[in-house]
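S.K.: no FASTA, just this:
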């Protein structure tokens, strides 16, 4: 879920922070930004190939079968609530608030709601009209096979994401791996994307693929990442949909994927991409349900 400008805070796939753009207000710049926002996904690295799950016990797993979110495994990112989130997103990310993140029937539920809060109870509330949650893994992980079984929201204005980002550094220089993104106004189209300094949506050079998934919002699907030193492959339900090889010149600008990243689970509202066709308030609350997260270290 792109992030936007340089920052040390975790990012999200394909986002533009217009508040930091010197050309805001210029009609030509606005047209360029609109064109970029319309093409955060990419289809230039599509593949179709088997993507088998490794055998044996995962190195890490959260089956979400307890009574509460295990905060030794996950933390809540609330870092930009007061100033506003990237890409003109409209949500306030709550910390450990059951209305927005909870364990329910053996699944993690991240719920976006149409509601306003108050400074009296939420000191970092920035005036947002929507609430949601963003969970970040406590431990960064690198090469290996990741599988997240999830059911997605389809309301217009929703923007669920399963993605990886390293801590610290400048975006997009340090890289970003988007295992799954979907925007509610284009429901059932799932995107996989990579962002680096040389290949990112602000240049129109992002590398990725997409797939139509008719039951993305009504059934669970397995969103998968096979991360190796020589290639990154992303797939759904045991079938690869995107593969990007480490074969381009440019060094780190082309391939920064050499250190552990944090795994991020979030449900944004609105934004340059998610809110491109408005927000259907009547469709809220919207939920992303995650049955499990599993990782096999390589």
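M.R.: It's in. The shown structure was predicted, so the numbers you read here are calculated from the model rather than taken from an experiment.
S.K.: for the stretch 151-298 of the chain, which segments are assigned as strands?
M.R.: Using DSSP state E, counting those that start in this stretch, the strands of the stretch 151-298 of the chain run over 158-165, 176-181, 189-195, 207-212, 221-227, 231-236, 239-245, 262-269, 286-297.
S.K.: looking at these, spot the one closest to residue 276.
M.R.: strand 158-165 (9.8 Å; Cβ to Cβ). Glycine gets a C-beta too; all of them are placed from N, C-alpha and C.
S.K.: return the list of helices and strands in contact with the closest one.
M.R.: strand 144-151, strand 176-181, strand 262-269, helix 271-274 (3 or more Cβ pairs under 8 Å, 6 or more residues apart in numbering; DSSP states H and E).
S.K.: strand partners (parallel or antiparallel) of it?
M.R.: Note on strand 158-165: by DSSP bridges, its sheet partners are strand 176-181 (antiparallel), strand 262-269 (antiparallel).
S.K.: what angle sits between it and strand 286-297?
M.R.: 20 degrees (axes from the mean of the first three to the mean of the last three Cα atoms, to 10 degrees).
S.K.: average pLDDT for strand 158-165?
M.R.: Mean per-residue pLDDT for strand 158-165: 98.
S.K.: that strand vs strand 221-227, what angle?
M.R.: 20 degrees.
S.K.: sorry, back to before: got the strands of the stretch 151-298 of the chain as TSV, with distance to residue 120 and mean neighbour count columns?
M.R.: What follows is the strands of the stretch 151-298 of the chain, written out as TSV (distance: least, Cβ to Cβ, whole Å; neighbours: other Cβ atoms under 10 Å):
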stretch	distance to residue 120	mean neighbour count
strand 158-165	28	28
strand 176-181	35	28
strand 189-195	39	27
strand 207-212	43	20
strand 221-227	39	22
strand 231-236	43	22
strand 239-245	46	20
strand 262-269	23	25
strand 286-297	27	21
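S.K.: mind listing what's buried along stretch 197-207?
M.R.: 197-202, 206-207 (16 or more other Cβ atoms under 10 Å).
S.K.: possible to save those as a markdown table with distance to residue 236?
M.R.: Formatted as a markdown table, those follow (distance: Cβ to Cβ, whole Å):
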| residue | distance to residue 236 |
| --- | --- |
| 197 | 28 |
| 198 | 27 |
| 199 | 22 |
| 200 | 23 |
| 201 | 21 |
| 202 | 27 |
| 206 | 19 |
| 207 | 17 |
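S.K.: ok, which stretches of the protein are helices?
M.R.: 27-37, 271-274 (DSSP state H).
S.K.: nearest to the spatial middle of this protein, which residue is it?
M.R.: For the chain, residue 161 is the residue whose C-alpha lies nearest the centre (Cα atoms, centre = their mean; 3.0 Å).
S.K.: on that earlier part again, distance to residue 129 and mean pLDDT added to the helices and strands packed on strand 158-165, as TSV?
M.R.: TSV is the format used below for the helices and strands packed on strand 158-165 (distance: least, Cβ to Cβ, whole Å; pLDDT from 0 to 100):
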stretch	distance to residue 129	mean pLDDT
strand 144-151	25	99
strand 176-181	22	98
strand 262-269	9	98
helix 271-274	14	96
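S.K.: to residue 90, which of the ones you listed lies closest?
M.R.: Judged by Cβ to Cβ, the one of the helices and strands packed on strand 158-165 that comes nearest to residue 90 is strand 262-269, at 4.7 Å.
S.K.: before we move on, back to that, export the strands of the stretch 151-298 of the chain to CSV and tack on distance to residue 47?
M.R.: Supplementary listing: the strands of the stretch 151-298 of the chain in CSV, determined by distance: least, Cβ to Cβ, whole Å:
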stretch, distance to residue 47
strand 158-165, 19
strand 176-181, 15
strand 189-195, 10
strand 207-212, 7
strand 221-227, 12
strand 231-236, 8
strand 239-245, 5
strand 262-269, 23
strand 286-297, 21
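S.K.: which sections of the stretch 1-150 of the chain are below the confidence cut-off?
M.R.: 4-39 (pLDDT under 70).
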